Every structure is written in structure tokens, then in C-alpha cells.
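Student: Here you go, sequence then predicted model.
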Amino acid sequence: MLKLDNVTKLFNPGTPDEKIALLGIDLELHSGDFVTIIGSNGAGKSTLMNIISGVMKPDLGEVRIEGNSISHLAEYQRSRWIGRVFQDPMAGTAPHMTIEENLAMAYKRGKSRGLSFGVSASKRNLFREQLEHLGIGLENRLRAKVGLLSGGERQALSLLMATFTQPQILLLDEHTAALDPSRAELITKLTETIVREKKLTTLMVTHNMEQAIRLGNRLIMMDKGSVILDIDETRKKDLTVERLLGEFEAISGHKLADDRMMLG
Ligand SMILES: Nc1ncnc2c1ncn2[C@@H]1O[C@H](COP(=O)(O)OP(=O)(O)OP(=O)(O)O)[C@@H](O)[C@H]1O
């Protein structure tokens, strides 16, 4: 499904500020995999998400979907296959547009040119149906401006928009980190439901160890630009936060340093 071969990214190469953000990453996600990623500060998690989504190009290596290289494609060209939800609830939606206009925009993604952002009666019914499924009453506020929604409501809408057209890959970039605990839990539950129902292949960066262990069928730990631990479903079932931190320390030779780390 998604395959990264030898993906390497340096910032400021050849200068005293040179930073190796990713060092020869080989990673394969199979269809339906839900992989959580944790790692220390500056491990390369955001760079990895940016390279998969096309925000950045790698210096070396290839990104492939279903065997086809997408390395040469720009972010907007990849958006038909890749949905992304960011940490910042403001990032995934247009605040001055209404809920239905935002959904119309998401609906159009990856479709041929010429379709308008207009909202026909049949589209409105589809949007209402999808919003109802979120279970937070947004279906009654189709014409409300998105800027008026709470952070949790915007993240729920962002999640729906990112997955509306059934992307092949869903990237979740600490998407619950900016929310209070009850809203974060709501978005986590919605994520689980949407990923399960739409059978999405998902990569989720989180600073919440307990969440990383509980969600998904595979867990990856990164440190200094490399994947240092790749834990499958069977091993993940017996994992605890303590054991995970212990394994990290044994392999990396240092304690996990993460300013935003939450144990559970
Ligand atoms: N635009 C940039 N210019 C220079 N260096 C950068 C840039 N973006 C990232 N880096 C560096 O690349 C490395 C990887 O950064 P990245 O943001 O991918 O890590 P991260 O795992 O997401 O970290 P965190 O969890 O602390 O946000 C770090 O050393 C970082 O300082």
C-alpha cells in the first residue's frame, strides 16, 4: 500500500546547522494497517508526515503508493490519495466558509475540474447524513461558519473532510493534542470508528503513550531520524507504557525525551 524506500532528509546540508531529520527510512504499510508513531523530540515524525503528504521532498529515496512512485507529485496532487488531519484545529478547515461549503470543498478533492463548490440538495443530504454519524449535532448547523465552532467540533469536521473521499492513506498529526481531555477522547473514538468503517490505512503521530499502545495494530518508535522499534499487533497487546519506555532506552541508549509526552 504505502512504501518508503531509503527516505532521507537533511536540513541546511553542508552548513554548521546541518540536521539529519530522516536517515534511510524503510517502511511499508499494508492495506488496513493502523500504525501509531511515537518518538523523542526532533526524531523526525513531522518530517516523515510532510514527506509522505508532499509538503517536502526527500533528498534521497522514494515514496510509493500501490507500487507507483509519488515522489515527484506536489501536495495538492497527492490529496486524492492522502487525507491529513493536523494538530491545529484551525488548519484543516476554512473558517469563513460554512460547514456545508467546507464539505463541498472536501467532496471535490481529487475529482475532475469543472465541478463547483456549490451545494445541491442531494449533496446537502449526503453531508447531513455524514455529519449525523459524528453524533455531535453538526448536521443541524450546515450553514454555520466554521470559525464559530469549538476546537473539538472543528477537529471532528476536519476528520470527516480528510476521510470523505475514502483516501488510501490517512495521516493524523497529533490531531488530539490541542484539545482538552474529554474532547480529545471524543475525537479519538471518532477516529477509531471512521478508520474501522472506512478500512483506512492510517499513520498517527501521538505524544500520548497510552493512546499509542491502545490504538491501531502496529506501533513504531522513532529516534534521531530512524525507526528504532516496530511492534506488531501480537506484541502490542502485552505492551505497557513502562515496558515501552524500557525498550526505547535499551535500544537507543538514552531516556525518551519528549516535552509533550503524556503517559496516559
Ligand atoms: N525547517 C527546518 N529547518 C531546519 N531544521 C529542521 C526543520 N524542520 C525540522 N528540522 C529539524 O529536523 C529534525 C526533525 O524534526 P521533526 O520536526 O521532524 O521532529 P519531530 O519528531 O516531529 O519532533 P517534535 O516531536 O519535537 O515535534 C530536528 O532536529 C529539527 O530541528
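Tutor: The structure has been received and is ready for your questions. None of these values were measured; they are calculated from a predicted model.
Student: This structure: strands as residue ranges?
Tutor: 2-11, 19-29, 34-39, 60-65, 68-69, 82-85, 169-173, 201-205, 218-223, 226-231 (DSSP state E).
Student: ok and the third one relative to strand 226-231, angle-wise?
Tutor: Taking axes from the mean of the first three to the mean of the last three CA atoms, to 10 degrees, strand 34-39 and strand 226-231 form an angle of 130 degrees between their directions.
Student: picking that back up, and the strands of the chain: which comes nearest residue 123?
Tutor: strand 82-85 (18.8 Å; CB to CB). Just so you know, the C-beta spots here come from the backbone N, C-alpha and C atoms, and that holds for glycine as well.
Student: I figured residue 36 hits residue 209, correct?
Tutor: No. Contact criterion CB atoms under 8 Å: residue 36 and residue 209 do not qualify, at 9.7 Å.
Student: on that earlier part again, buried deepest among the strands of the chain, which one?
Tutor: With neighbours taken as mean count of other CB atoms under 10 Å, the strands of the chain reach their highest mean count in strand 82-85, at a mean of 26.
Student: which helices and strands does that one pack with?
Tutor: If you count contacts as 3 or more CB pairs under 8 Å, 6 or more residues apart in numbering; DSSP states H and E, strand 82-85 packs onto helix 45-53, helix 151-163, strand 169-173.
Student: contacting residues around that strand?
Tutor: Under the criterion CB atoms under 8 Å, 6 or more residues apart in numbering, residues 49, 52-54, 92, 155, 158-159, 161-165, 167-173, 175, 200 lie in contact with strand 82-85.
Student: so what strands line up beside it?
Tutor: strand 169-173 (parallel) (DSSP bridges).
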